[in-house]
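# Model the structure of this input:
(2 chains)
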Amino acid sequence: MVVSVKEAPANSINLPIQMSINPTIDARQSPVEADETFVVIRADALSIYYGQFCAVREVSLDVLQSKVTAIIGPSGCGKSTFLRAMNRMNDFIPSMHTEGQLRYRDVDICSPDCDAVALRRKVGMVFQKPNPFPKTIYKNVSWGASINGYRGDMEELVVTSLKQAALWDEVKDKLHQNAAALSGGQQQRLCIARAIALQPDVLLMDEPCSALDPIATAKIEDLIGNLKRRYTVIIVTHNMQQAARVSDITAFMYMGSLVEVDATERIFTKPGEQRTQDYITGRFG
Amino acid sequence: MSAVGTRWREKFIVAWLFICGMASIATTIGIIWVLTSEAVVFFGEVSPWEFMTGTRWAPLLEPRSFGVLPLVFGTFLVAGGALVIAVPIGLGAAIFLSEYASSTVRSACKPLLEVLAGIPTVVYGYFALTVVTPYLLRPVAPDTEVYNAASAAIVVGVMIIPTIASLCDDAFRAVPSTLRQAAFALSATRFEVATRVVLPAGLSGVVASVLLAFARAVGETMAVTLAAGAMPRLTANPLVGIQTMTSYIVQVSLGDTPHGTVEYQSIFAVAMLLFIITLTFNVISHLTLRRFREVYE
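Model prediction:
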């Protein structure tokens, strides 16, 4: 399932708008646009329930390749649940069930036949709080690749991943020290390095900066900008400025429903919905 | 009630609670005192060197000999054999409980496991004698003696499974769930999460539980007395009868050995050695556990 990834041209900001206006366009059938507007993840009337409680209500959203998609909304709006559905991390909640469709390329994510372990190989995740293993920095990065039977040069993979995560210069002399000794921001970049060492297709980030100070946050935000060259990034964030800074496309969720999705620029300047307007101007949330 | 009355009542309660707290400490000190004073008498007659290095234990038969090694070896044969049984099963049970079982299964399984710990040990001994040896060992090894170390090791192993399973389960559940999530998100299977994240992270808890279980196996008395016999022998063959330190103490305590004789005093020397061995393992176990707590708190 190798897909070529090209850099987005400067004017690509228009494409997602077209996509959201006309979601019936199937990029897979139009090779001319395929590189730029490839739908990596597509939710179609997706609802997620915890027992009787409906956390995500009929959300339809296309996530485009090599773009950063931000999902914003107040606490409890279902944005994290939606994100975690994309790599089946909600499976561990026993009462959870889904309705509607969620696809990753040609994989039906919600289907019982979908191999969640194989899916997570392609759809990686970075969590809210840095959670490095209590192992060395080197082993943290190599862990995922080694359990997945990586046959290449492990050392090279570790170095490349740490460089991509903009952490290499800070840790190159202490690769075999315990990761717990790193600062919170370094730990979070280590978690990013660990996730990209698996060479995933999509990187899900669940409020990756909420436990970090502003300087560490700025570093991670810079990093996200670089990551989108290689990966499709979906980031859930509380922080609207952050969404405005890092993302190409922003989706606004409220009470489990997707209110609006559009180019980030447009969401933050002239949103189509009054509720989006109210939220981004701080009238609630 | 008057203020004075209340104050006296408080003082009385505090004093009473203090006595309760002291009771167990006093008991321990008393035991150490008795063991030491009697053992000193014993070592006046038998040199500690002979006691610790002698390979023949025959305190009741002429010519008498007080080399404790056969008893120590018999004890470790049974306790070591018990660990061979209990560690894989206990660890497996703990991994199942903490990583695989749903909360319903878990809440049903854990008390059941603890029932094992509540069975009187004499029942285990009887079980070894009447079931394990004739129906489990004899079909495989026909010349197994009636009393043998293997049957004792098997039942003691079963007996200490709850200790290992329960403590390891606690250790595994203390591993933060964020680590499990991190591993799952890296495309790990449940088994890889259990063996390559949870087990290493909880390893010191596992070590502590094994040491504690070993100390229990070393101190186990009734089951091994019934199952392993009373034949002090320096052997590694588990299919013959041996004697452990505890069963020697039982043998002398139940017999008509006169008070004040050297064979009577010998049980205090053996008991002291046993006490030192189990105490050492308990202390190491607690130190390991404490170190393990420091990692996550």
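
# In which helix or strand does A:Asp262 reside?
With elements taken from DSSP states H and E, the one containing A:Asp262 is strand A:257-263.

# Could you name the helices and strands sitting against that strand?
helix A:14-21, strand A:53-64, strand A:249-254, helix A:274-280 (3 or more Cβ pairs under 8 Å, 6 or more residues apart in numbering or on different chains; DSSP states H and E). (Glycine included, C-beta is placed from N, CA and C.)

# quick one: the third one to strand A:257-263, angle?
Computed with axes from the mean of the first three to the mean of the last three Cα atoms, to 10 degrees, the direction of strand A:249-254 lies at 160 degrees from that of strand A:257-263.

# What helices and strands are in contact with strand A:249-254?
strand A:53-64, strand A:68-72, strand A:257-263, helix A:264-269, helix A:274-280.

# so what secondary structure elements neighbour the fourth one?
Helices and strands touching helix A:264-269, as assessed by 3+ Cβ pairs under 8 Å, 6+ apart, comprise helix A:240-246, strand A:249-254, helix A:274-280.

# Quick one: closest of these to B:Leu186.
Closest to B:Leu186 of the helices and strands packed on helix A:264-269 is helix A:240-246 (Cβ to Cβ; 23.3 Å).

# those helices in the chain, which residues are they?
Since no chain was named, I'll use chain A. With DSSP state H, the ranges of helices along chain A come out as A:14-21, A:31-37, A:79-85, A:116-122, A:137-147, A:154-164, A:168-171, A:184-196, A:214-227, A:240-246, A:264-269, A:274-280.

# Hmm, no, I was thinking of chain B.
B:3-45, B:48-53, B:69-95, B:103-118, B:121-127, B:149-173, B:177-185, B:190-193, B:199-201, B:203-219, B:222-228, B:245-254, B:262-296.

# What are the buried residues along the last one?
If you call a residue buried by 16 or more other Cβ atoms under 10 Å in any protein chain shown, then helix B:262-296 has these buried ones: B:262-275, B:277-278, B:281-282, B:284-285, B:288-289, B:292.

# Which ones, among those, also lie beside chain A?
Within the set of those, contact with chain A (Cβ under 8 Å from any Cβ of the partner chain) is found for no member.

# I figured A:Val56 hits A:Met255, correct?
No. The criterion here is Cβ atoms under 8 Å, and A:Val56 misses it with A:Met255 at 10.1 Å.

# Overlap of the contact sets of the two?
A:Gly78 (Cβ atoms under 8 Å, 6 or more residues apart in numbering or on different chains).

# Compare neighbour counts for these two and give me the winner.
More crowded of A:Val56 and A:Met255, by other Cβ atoms under 10 Å in any protein chain shown: A:Val56, with 28 against 14.

# The more buried one pairs with what?
A:Ile48 (DSSP bridges).

# Indicate the residue of chain B located nearest to chain A.
B:Leu186 (3.5 Å; Cβ to the nearest Cβ).

# ok, and the closest non-adjacent residue to that residue?
A:Gly144 (3.5 Å; Cβ to Cβ, 6 or more residues apart in numbering or on different chains).

# residues in contact with the one you found?
Counting by Cβ under 8 Å, 6+ apart, A:Gly144 has contacts A:194-195, A:197-198, B:186-188.

# between the residues you listed, which is closest to B:Gly202?
B:Ala188 (16.2 Å).

# Quick check, that closest one in contact with A:Ile147.
Yes. Contact criterion Cβ under 8 Å: B:Ala188 and A:Ile147 qualify, at 5.6 Å.

# circling back to that earlier point, the inter-axis angle of the strand holding A:Asp262 versus strand A:68-72?
Using the same axes, to 10 degrees: strand A:257-263 against strand A:68-72 is 140 degrees.

# residues contacting B:Arg233?
B:70, B:74, B:240-243 are the contacts of B:Arg233 under Cβ under 8 Å, 6+ apart.

# how far away is it from B:Gly205?
As for B:Arg233, its distance to B:Gly205 is 36 Å (criterion: Cβ to Cβ, to the nearest Å).

# now do B:Leu71
B:Leu71 is 31 Å from B:Gly205, by Cβ to Cβ.

# do the same with B:Thr246
B:Thr246 is 27 Å from B:Gly205, by Cβ to Cβ.

# what's the answer for B:Pro59, then?
Taken as Cβ to Cβ, the span from B:Pro59 to B:Gly205 is 41 Å.

# And for B:Leu17?
Applying Cβ to Cβ to B:Leu17 and B:Gly205 gives a distance of 32 Å.

# Name the residues of stretch B:108-117 that come out as buried.
Within stretch B:108-117, the residues scored as buried using 16+ other Cβ under 10 Å are B:109-110, B:113.

# related to what we said a few turns ago, more crowded one of B:Ala188 and A:Ile147?
Higher neighbour count among B:Ala188 and A:Ile147: B:Ala188, with 23 against 20, using other Cβ under 10 Å.

# show me the contacts for that one.
B:Ala188 touches A:117, A:144, A:147, B:196-197, counting by Cβ under 8 Å, 6+ apart.

# any idea which of these is the one closest to B:Ala227?
Looking across those and measuring by Cβ to Cβ, the closest to B:Ala227 is B:Arg196, at 38.4 Å.

# So for the closest one, what's the nearest residue that isn't a sequence neighbour?
Using Cβ to Cβ, 6+ apart, the closest residue to B:Arg196 is A:Ile147 (6.5 Å).

# same question, B:Gly90
Nearest to B:Gly90 is B:Ile164, by Cβ to Cβ, 6+ apart, at 2.9 Å.

# so what's A:Thr237 bridging to?
Going by DSSP bridges, A:Thr237 forms beta bridges with A:Ile72.

# Tell me how many other residues surround it.
24.

# ditto for the one 10 residues further on
Using other Cβ under 10 Å, A:Ser247 has 27 other residues around it.

# From A:Leu223, how far out is it?
14 Å.

# so what's residue 249 scoring on pLDDT?
Here I'm looking at chain A. pLDDT recorded at A:Ile249 is 95.

# look at chain B instead
92.

# which ones are touching it?
B:221, B:267, B:270-271, B:274.

# Can you lay out those residues as JSON lines showing distance to A:Met86?
Converted to JSON lines, the contacts of B:Ile249 look like this (distance: Cβ to Cβ, whole Å):
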{"residue": "B:Thr221", "distance to A:Met86": "59"}
{"residue": "B:Ile267", "distance to A:Met86": "69"}
{"residue": "B:Val270", "distance to A:Met86": "66"}
{"residue": "B:Ala271", "distance to A:Met86": "64"}
{"residue": "B:Leu274", "distance to A:Met86": "60"}
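
# Which single one of those is nearest to B:Gly80?
Using Cβ to Cβ, the contacts of B:Ile249 come closest to B:Gly80 at B:Leu274, 15.6 Å.

# Could you verify my assumption that A:Ile249 touches A:Ile71?
No. Taking Cβ under 8 Å as the definition, A:Ile249 is not a contact partner of A:Ile71, at 9.6 Å.

# Right, I'll leave it there.
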